[in-house]
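> coords please:
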Amino acid sequence: MSLLLQANRDTLHDVFFYSYPEGLISGYFYEYTQLYFFGFPIGNPTVVNESKNYTTSFPLNYKQSYSSYISPSYSLEGLILKTLVYVAINEKTGETVAVTSDWVVSSISSTIINTVATIPYPTFVAVLEVNTAYVLATTSTAQVLSSDLSTILTLDQVDDPFFKDICNILNLKYPNMNITQQIAMISSSLLLETAYSVLRTVNGGNWRTEIYLINSTVGQMLFMEYLDVDAVESDLNATSINTGLIMLGVILTVLIFGIAFAIVISQQLQMVSKQIIMLKQLKFLEVLEKNTGVKNRSFVYELAGLQELFHEMVVVFANTLKVSNSLQGKIASTAKSAQGDRNSVV
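Numbers count the residues shown, from 1 in each chain. This is a model prediction of the structure:
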């Protein structure tokens, strides 16, 4: 039991068992940071705790194994606790004991606070015990115990604007009822629906309020949450503006690249067009000359291919013209020689 208690120090205040009907007790408990053993002398598990006989403390059926009892929440030394008791009967010897532990309910607050800290928007959370309307845990800094730390405050006793708003909601839904009756009514209604949700105004801000019913092994609880709608909308608007600016930047970038690409393609087409015009003017040398013709070849694959075809056609055409000129020269020379021969005969 000592190891069990130390391993669950954050959630357990004590673990012990007592015999029935003798009320002999053995176990361990924490007082602040010190671990203590029930009974004296330490190490003797059968010493009666003279201050209290637990056999009359809980409504249990000690003749039925696994009979159990879960107490309402209560305050002890500034902690909110719940007592859990289970009856165990030895089938061979008939000995009966009740295994008991006190659960530290207030440990829920630290868990909730750590969880809410991960939410990027202002959030208020509270957990209420249905049977008593006690505030068991909350993210609020308001005091949930009486000034002498002996009593847990109910929902309507906590001095906090969110708790007051919850009371206003309950007063509107269930007028002419006390807080315990109102909590019981809304809990009953939540058995038939997932959650109660409404938009509320607290301290001048808009908050989405949701109330859930939790059925646990230690009793029914109400989970209440307020989420700052204004902060969510503001964040969404900022995100939308940033997204819009990013999209505008993307569009402008695409547009600029498109214009630049069009200009480059236009220049390449103009180069090809200029070379075609030169071919029409039979300026073969300018087109075929390596420094101008090859170096000014377009970097666009399709246009470069078109230029290459033109160049090949020009080469063939130029060669054809050369052959034609050569043949014409030979024909003219032959004709002149023949004319000379005829003149000499005459």
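
> So this structure: which segments form each domain?
When the chain is parsed with automatic domain parsing, its domains come out as 2-104, 107-233, 282-340.

> For S273, find the nearest of the ones you listed.
Nearest to S273 among the domains of the chain is domain 282-340; the distance by Cβ to Cβ comes to 10.4 Å. For every residue, glycine as well, the C-beta is placed using N, CA and C.

> where does the stretch 1-150 of the chain have low pLDDT?
By pLDDT under 70, the weakly predicted segments of the stretch 1-150 of the chain are 31-33, 36, 38-57.

> Just the strands from it, written as ranges.
Along the stretch 1-150 of the chain, counting by DSSP state E, counting those that start in this stretch, strands occupy 12-20, 25-31, 34-37, 68-70, 74-76, 79-89, 96-104, 123-129, 135-138.

> and the gap between Q6 and V15?
Using Cβ to Cβ, to the nearest Å, Q6 is found at 10 Å from V15.

> my bad, should have said A98
12 Å.

> Please apply the same query to L190.
L190 is 33 Å from V15, by Cβ to Cβ.

> Send over stretch 19-28 as PDB, restricted to the C-alpha atoms.
As requested, the backbone C-alpha atoms of stretch 19-28 are provided in PDB (Å, rounded to 0.1, in the frame of the first residue of the first chain):
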ATOM      1  CA  SER A  19     -11.500  -5.100   9.500                       C
ATOM      2  CA  TYR A  20     -15.200  -5.700  10.200                       C
ATOM      3  CA  PRO A  21     -16.600  -5.700  12.800                       C
ATOM      4  CA  GLU A  22     -13.500  -5.000  14.900                       C
ATOM      5  CA  GLY A  23     -12.600  -1.800  13.100                       C
ATOM      6  CA  LEU A  24      -8.800  -2.600  13.200                       C
ATOM      7  CA  ILE A  25      -7.100  -0.400  10.700                       C
ATOM      8  CA  SER A  26      -3.900  -0.500   8.700                       C
ATOM      9  CA  GLY A  27      -2.600   1.700   6.000                       C
ATOM     10  CA  TYR A  28      -0.800   4.900   5.100                       C
END
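
> rewinding a little: Q6 and V15 - which one has more neighbours?
V15 (21 against 13; other Cβ atoms under 10 Å).

> ok now do the more buried one, which residues does it touch?
Contacts for V15 (Cβ atoms under 8 Å, 6 or more residues apart in numbering) come out as M1, L4, L5, G27, Y28, F29, T100, S101.

> mind checking the SS state of S197?
Following DSSP: H, G, I helix; E, B strand; the rest coil, the label given to S197 is strand.

> now it: how far from Y86?
Distance, S197 to Y86, using Cβ to Cβ: 38 Å.

> for L153, same thing?
Distance of L153 to Y86, computed by Cβ to Cβ: 30 Å.

> Export the domains of the chain as JSON lines, with columns for distance to I256.
As requested, those are arranged in JSON lines below (distance: least, Cβ to Cβ, whole Å):
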{"stretch": "domain 2-104", "distance to I256": "60"}
{"stretch": "domain 107-233", "distance to I256": "34"}
{"stretch": "domain 282-340", "distance to I256": "20"}
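
> which one of those domains lies closest to T253?
Among these, the nearest to T253 by Cβ to Cβ is domain 282-340 (21.9 Å).

> What ranges in the stretch 151-300 of the chain fall below the confidence cut-off?
Using pLDDT under 70, the flagged stretches of the stretch 151-300 of the chain are 235-245, 248, 251, 254-255, 258-269, 271-272, 275-276, 278-300.

> in what helix or strand does I214 lie?
I214 belongs to strand 205-216 when elements are defined using DSSP states H and E.

> Direction included, what does that strand pair against?
The pairing partners recorded for strand 205-216 under DSSP bridges are strand 196-202 (antiparallel), strand 219-228 (antiparallel).

> Out of those, which one sits most buried?
Greatest average neighbour count among the strands paired with strand 205-216 goes to strand 219-228 (a mean of 20), per mean count of other Cβ atoms under 10 Å.

> quick check: angle from that one to strand 79-89?
Here the directions of strand 219-228 and strand 79-89 differ by 150 degrees (axes from the mean of the first three to the mean of the last three Cα atoms, to 10 degrees).

> pretty sure D165 belongs to a helix, no?
Yes - D165 sits within a helix when classified using three-state DSSP.

> Renumber starting at 12 from here on
Renumbered: residue one is now 12, and that last one reads D176.

> In space, what's closest to it - neighbours in sequence excluded?
V213 (5.2 Å; Cβ to Cβ, 6 or more residues apart in numbering).

> what residues are up against the one you found?
P172, F173, D176, Y237.

> if I pick the second one, what's in contact with it?
Contacts for F173 were tallied using Cβ under 8 Å, 6+ apart; they are F135, A137, S151, V213, Y237.

> quick revisit: can I get the contacts of V213 in a markdown table with distance to V127?
Formatted as a markdown table, those follow (distance: Cβ to Cβ, whole Å):
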| residue | distance to V127 |
| --- | --- |
| P172 | 17 |
| F173 | 13 |
| D176 | 18 |
| Y237 | 11 |
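
> Report the two of the residues you listed separated the most.
Top of the distance list for the contacts of V213 (Cβ to Cβ): P172 and Y237, 9.9 Å.
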